[in-house]
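Undergrad: kindly return the folded structure for what I paste below:
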Amino acid sequence: MNVSKRTLGVALATGLAVGFSTAAMARDTLQIAGSSTVLPFASIVAEEFGSNFPQFNTPVVGSGGSGGGLRQFCQGVGENTIDIANSSRAIRGGELENCQANGVDEVLEVLFGYDGIVFASRADRGAFALTPAHVFAAAAQQVRVDGELVDNPYTRWSEIDAELPDQEIVLVIPASNHGTREVFEEKVLHIGCDSYEMEGDACDALRGDGRIIEIAGDYTETLARLDAQADAVGVFGLSFYDQNRDRLQVATVDGVTPSLETIGSGEYPVSRPLFFYVKGEHLDVIPGLAEYTEFFLNEMVSGFGSPLEDAGLIPLDDEERAEALEQFQARTLVSVE
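TA: Here you go, the predicted structure:
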């Protein structure tokens, strides 16, 4: 199922805003939820927005994961539904269909930067130099050993590769409600699976013996697991790792250390775009929604040398930023082809 974009005419947009339920006018504070990766960036922007636009209330930013935020976003139109869903992956066709089924026909996609997914462990434990094949071998329900497909026999990282730390395998990963999980599967597990000459469902089937811990909450819960289990390796966004360098050490992937530079250049292999989705029916109705979106895309807010870059965001280049702003101002909608 393909997702495409189309432009909502200004006259039509104005007409829809006029016809919007007056109940929504009762709410004058933006409501935002979704990706735990995007959460710290959106929180910074919300605070800056509140300071720079005193005529608007400071937006309320929550978490819940990309999938959770998009489910809330697609529940309908009106004051009891959120205005923006933050997401560390693009919206799926099925999610967009769910939006439309609930009367959310105007979904605007805003790309605002990039982030990397990193593997990190406690600073007082062994250092990891990982490959996708290593991670797949640690996580998969079945692997090939001497050419035969067998239930995963590995209990220590050093059994997979003698160069890895002699530590128990405990891998703490995001649950399926997180956009990070999809990128983890696509850019790590599936590539590792290919190296074992496996395919299909075997690439997604994870071991069920307690060595894989799925976290439905945010990265603070993943960090808490590492505090509780000394040998655990966790999956984080680069920005969260950067904020906790005193407690964590980061693994290389394919010999590359994740950083703003290696992710921005594409050298580090596990990176992804970051988005937020704006409910078009709430534009011109919920005070500050359009202004917040344009403020977020301002170079001083999310560009090079901005507070968001300081917080770990890899900014858009000038051309990408101009295109993102142009698409928003033209009310370009996401649609299912």
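
Undergrad: can you show me the helices along the stretch 201-337 of the chain?
TA: Remark: helices assigned in the stretch 201-337 of the chain by DSSP state H, counting those that start in this stretch are 219-228, 238-243, 260-265, 289-296, 299-302, 307-310, 318-329.

Undergrad: out of the ones you listed, deepest packed?
TA: Mean neighbours per residue, mean count of other CB atoms under 10 Å, is largest over the helices of the stretch 201-337 of the chain for helix 238-243, with a mean of 22. The way it works is simple: take the backbone N, C-alpha and C, and place the C-beta from them, glycine included.

Undergrad: pull the helix or strand with minimum mean pLDDT from the protein.
TA: helix 10-19 (a mean of 44; mean pLDDT, DSSP states H and E).

Undergrad: right, and the helix or strand after that one?
TA: Note on helix 10-19: by DSSP states H and E, the next helix or strand toward the C-terminus is strand 31-34.

Undergrad: list the contacts of that next one.
TA: The contact list for strand 31-34 (CB atoms under 8 Å, 6 or more residues apart in numbering) reads 42, 46, 59-66, 68-70, 72-73, 81-87, 276.

Undergrad: do that again at 6 Å, thanks
TA: 42, 59-62, 64, 66, 69, 72, 82-87 (CB atoms under 6 Å, 6 or more residues apart in numbering).

Undergrad: who touches residue 277 in this structure?
TA: Counted by CB under 6 Å, 6+ apart, residue 277 has contacts 85, 107, 109.

Undergrad: let's see 10 Å
TA: Taking CB atoms under 10 Å, 6 or more residues apart in numbering, we find residue 277 in contact with 34, 66, 69-70, 73-74, 82-87, 90-91, 95-96, 99, 104, 107-110, 334.

Undergrad: and what of residue 229?
TA: Per CB under 10 Å, 6+ apart, neighbours of residue 229: 122, 168, 170, 172, 213.

Undergrad: from these, pick the one nearest residue 297.
TA: Proximity of the contacts of residue 229 to residue 297 was ranked by CB to CB; the top entry is residue 172 with 33.4 Å.

Undergrad: leaving out chain neighbours, which residue sits closest to the closest one?
TA: Nearest residue to residue 172 in three dimensions, chain neighbours excluded: residue 234, at 4.2 Å (CB to CB, 6 or more residues apart in numbering).

Undergrad: any idea how far residue 245 is from the one you found?
TA: 14 Å (CB to CB, to the nearest Å).

Undergrad: show me which of these two is the more surrounded one.
TA: A direct count of neighbours by other CB atoms under 10 Å for residue 234 and residue 245 places residue 234 higher, at 27 against 11.

Undergrad: against residue 174, how distant is that one?
TA: Residue 234 is 10 Å from residue 174, by CB to CB.

Undergrad: identify the contacts common to these two.
TA: Shared between the contact lists of residue 234 and residue 174 (criterion: CB under 10 Å, 6+ apart) are residues 215, 219, 221, 222.

Undergrad: now do the shared contacts for residue 234 and residue 245.
TA: residue 120.

Undergrad: what are the structural domain limits within this structure?
TA: Structural domains assigned to the chain are 3-114+273-336, 116-271, following automatic domain parsing.

Undergrad: what's the least confident stretch among the ones you listed?
TA: Mean pLDDT is lowest for domain 3-114+273-336 out of the domains of the chain, coming in at a mean of 89.

Undergrad: remind me, longest helix of this protein?
TA: helix 39-52 (DSSP state H).

Undergrad: C-alpha coordinates for stretch 287-307, CSV please?
TA: C-alpha atoms of stretch 287-307 as CSV (Å, rounded to 0.1, in the frame of the first residue of the first chain):
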residue,chain,number,x,y,z
PRO,A,287,-4.8,28.5,18.2
GLY,A,288,-1.1,28.4,17.4
LEU,A,289,-1.1,25.1,15.4
ALA,A,290,0.2,26.6,12.2
GLU,A,291,2.5,29.0,14.0
TYR,A,292,4.0,26.1,16.0
THR,A,293,4.7,24.1,12.9
GLU,A,294,6.4,26.9,11.1
PHE,A,295,8.4,27.8,14.2
PHE,A,296,9.6,24.2,14.5
LEU,A,297,10.9,24.4,10.9
ASN,A,298,12.7,27.7,11.5
GLU,A,299,16.5,27.4,11.0
MET,A,300,17.1,29.1,14.3
VAL,A,301,15.1,26.4,16.1
SER,A,302,16.0,23.1,14.2
GLY,A,303,18.8,24.0,11.8
PHE,A,304,22.6,23.8,12.2
GLY,A,305,23.7,25.5,15.4
SER,A,306,20.2,25.4,16.8
PRO,A,307,19.0,24.1,20.2
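
Undergrad: surely residue 91 is in contact with residue 334?
TA: Yes - with contacts counted by CB atoms under 10 Å, residue 91 reaches residue 334, the gap being 6.2 Å.

Undergrad: now do the shared contacts for those two.
TA: Counting by CB under 10 Å, 6+ apart, the common neighbours of residue 91 and residue 334 are 3, 99, 107, 109, 277.
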